[in-house]
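Asker: sequence and predicted structure below; questions after.
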Amino acid sequence: MGLLQRLLGTTPASSAANPVRAEGSGLPAVAPYDLSDASLVEQLRSAVRSESGMAVTTETALRNPTVFRCVDLICGSVAMLPLNLHRETESGDLTKATGHPLQRVLRRRPNEWQTPFEFKGLMQYRALVHDKGAVALIVKARGRITELLPLNPDRIEVEVKDYKAKYTYSRKTGGRIDLDPSEVLHLRGLTFDGVSGLSRVRKAAEAIAIAMAAERATANIFKNGTFASGALTIPGELSAEAFQRLKESWNSRHSGADNAGSTPLLEGGTKYEAFAMSARDAQSAEARRFQVEEILRVFGVPRPLAMMDDTGWGSGIEQLSIGFVRYTLNPWFRAWEEAIDRSCLGANEDDYAAKFNPAALLNGTMKDQYDAFAKASGAGGHKPWMTANEIRKLLNQPRHPDGDGLDRAGAPSSDDTDADDAADKKLADRQPKRTDDDED
């Protein structure tokens, strides 16, 4: 029986075919859970009970806009960048290993149903939020890698025995399968035990729980709160009927977000006295803002990239974006590259290496790019170090027949005037003096 068949197994005629229905309850039929299922036990253990009383799971954490933004930003950034397999030539240059089967898997089709963007995004998501990191099954045919199939990390157990990692997969239909490390691509970030990664959701559980509690409290205020924020003073006593009528009238006009700002209409000597804003009310918005910053610290996302409105998109945003790539994304790029080198390449393939290309995230404005390209091609008296075709390749432009030379650009600088051009023409017939750069 093949590896895929052993992992997937066959569906027994049990829970799926015979769902359990509570007789007379009117509830829909459900399939019974097998309490020996390792993934179920893992899910039950995954919730973190915080000091605030809120249970934090991955699903509940992602309902928080800050958590979702951080996860979406990091996963989307990693998924959008090209990941290629390169080979080092004898001269030390790196070229794309287009003839290697792993290059096609990484760049074109990791498996039958996922694009590279979808595969990298899912793996990065699991590496961020799951304690075990992200795991994929390496499928080979005749010794060549043909597919990378993501495996639910809840169904994976990892241990180190005799200085060698051992992976055990629990099938949905029952049974456990031992996997050799050569069959597993294991992506994990920072690790404290050398085996499992760190879940950002679990490590930020308290900050996320407080943010969730603040959101719930605010939602309850909008749902049930009286936005008049005051008290009614009534001379004398009210009968039960009068009290009920006043209560219903007040709630119908001033309760809920739709009635915020409405003007009270009072009768019978009733007076309205507005409450002063309490210290707790004054600090509510600041507390929620602080929780946003706490979550951003855990994920390593700068405030502007989380859409914090107190930071403008000026000149500083470019440096913050560069810092995000250097200190948040680069460690993940290295984790991806080294995991692929370890698990997907053989001992005799040391001249191959997987590489991300983060250039798209580090590009400046169009003017900055063109100024840099002009200097690289030799404009303004600079010694050229890039050919026109190398620059055109970075801009996704086709090659030019005359673009492989490393000659100085002949375009005049922006300071040239008509008088300068006249002098330049006058000196056109003179032999130029050779320089040290020309001799090189």
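Answerer: Arrived safely.
Asker: hey, C-alpha coordinates of stretch 233-248 in CSV?
Answerer: Output of stretch 233-248 as CSV, limited to C-alpha atoms (Å, rounded to 0.1, in the frame of the first residue of the first chain):
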residue,chain,number,x,y,z
THR,A,233,-35.0,63.0,38.9
ILE,A,234,-38.7,62.8,39.6
PRO,A,235,-40.5,64.7,42.4
GLY,A,236,-42.6,62.4,44.5
GLU,A,237,-43.4,58.8,43.9
LEU,A,238,-44.6,57.1,40.7
SER,A,239,-47.3,54.5,40.5
ALA,A,240,-46.3,51.2,39.0
GLU,A,241,-48.2,52.0,35.8
ALA,A,242,-46.5,55.4,35.5
PHE,A,243,-43.1,53.9,36.2
GLN,A,244,-43.5,51.3,33.6
ARG,A,245,-44.8,53.8,31.0
LEU,A,246,-41.8,56.1,31.7
LYS,A,247,-39.3,53.2,31.5
GLU,A,248,-40.7,51.9,28.1
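Asker: report the buried residues of it.
Answerer: Neighbour-count burial for stretch 233-248, counted by 16 or more other Cβ atoms under 10 Å, picks out Leu246. In this view, the C-beta of every residue, glycine as well, is placed from N, C-alpha and C.
Asker: so for that stretch, what's the average pLDDT?
Answerer: Averaged over stretch 233-248, pLDDT sits at 77.
Asker: can you list the domains in the protein?
Answerer: Following automatic domain parsing, one finds the domains of the chain at 1-10+32-225+279-362, 230-274, 363-433.
Asker: most tightly surrounded among those domains?
Answerer: Mean neighbours per residue, mean count of other Cβ atoms under 10 Å, is largest over those for domain 1-10+32-225+279-362, with a mean of 16.
Asker: tell me how far that domain is from the chain's mean position?
Answerer: 8 Å (Cα atoms, centre = their mean, to the nearest Å).
Asker: isn't there a helix covering Ala335?
Answerer: Yes - per DSSP: H, G, I helix; E, B strand; the rest coil, Ala335 lies within a helix segment.
Asker: how near is it to His382?
Answerer: 37 Å (Cβ to Cβ, to the nearest Å).
Asker: likewise for Val201?
Answerer: Taking Cβ to Cβ, one finds Val201 at 50 Å from His382.
Asker: ditto for Val160
Answerer: Here Val160 is placed at a distance of 54 Å from His382 (Cβ to Cβ).
Asker: cool, Leu345 as well?
Answerer: 40 Å.
Asker: same thing with His86?
Answerer: 29 Å.
Asker: what helices and strands are in contact with the one helix or strand Ala136 maps to?
Answerer: Using DSSP states H and E, Ala136 maps to strand 134-141. If contacts are counted by 3 or more Cβ pairs under 8 Å, 6 or more residues apart in numbering; DSSP states H and E, strand 134-141 sits against helix 3-8, helix 116-129, strand 144-151, strand 184-187.
Asker: sheet partners, orientation included, of it?
Answerer: Sheet pairing here is set by DSSP bridges, and for strand 134-141 it gives strand 144-151 (antiparallel), strand 184-187 (antiparallel).
Asker: ok, which of those strands comes nearest Asn389?
Answerer: strand 144-151 (32.5 Å; Cβ to Cβ).
Asker: which other residues reach the closest one?
Answerer: For strand 144-151, the external contacting residues (Cβ atoms under 8 Å, 6 or more residues apart in numbering) are 4, 101-102, 105, 110-112, 114, 119, 122-123, 126, 134-140, 169, 184-185, 344.
Asker: quick one: average pLDDT of that strand?
Answerer: Per-residue pLDDT over strand 144-151 has a mean of 96.
Asker: next SSE after it?
Answerer: Next helix or strand after strand 144-151 toward the C-terminus (DSSP H and E): strand 156-161.
Asker: kindly format the C-alpha coordinates of that following strand as CSV.
Answerer: Only the C-alpha atoms of strand 156-161 are listed here, as CSV (Å, rounded to 0.1, in the frame of the first residue of the first chain):
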residue,chain,number,x,y,z
ILE,A,156,1.3,15.3,13.9
GLU,A,157,3.3,14.2,16.8
VAL,A,158,7.0,15.1,16.8
GLU,A,159,9.7,13.7,19.1
VAL,A,160,13.5,13.3,18.9
LYS,A,161,14.9,9.8,19.5
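Asker: average pLDDT for it?
Answerer: Taken as a whole, strand 156-161 has a mean pLDDT of 89.
Asker: next one: Glu157 from Val135, what distance?
Answerer: Per Cβ to Cβ, Glu157 is found 11 Å from Val135.
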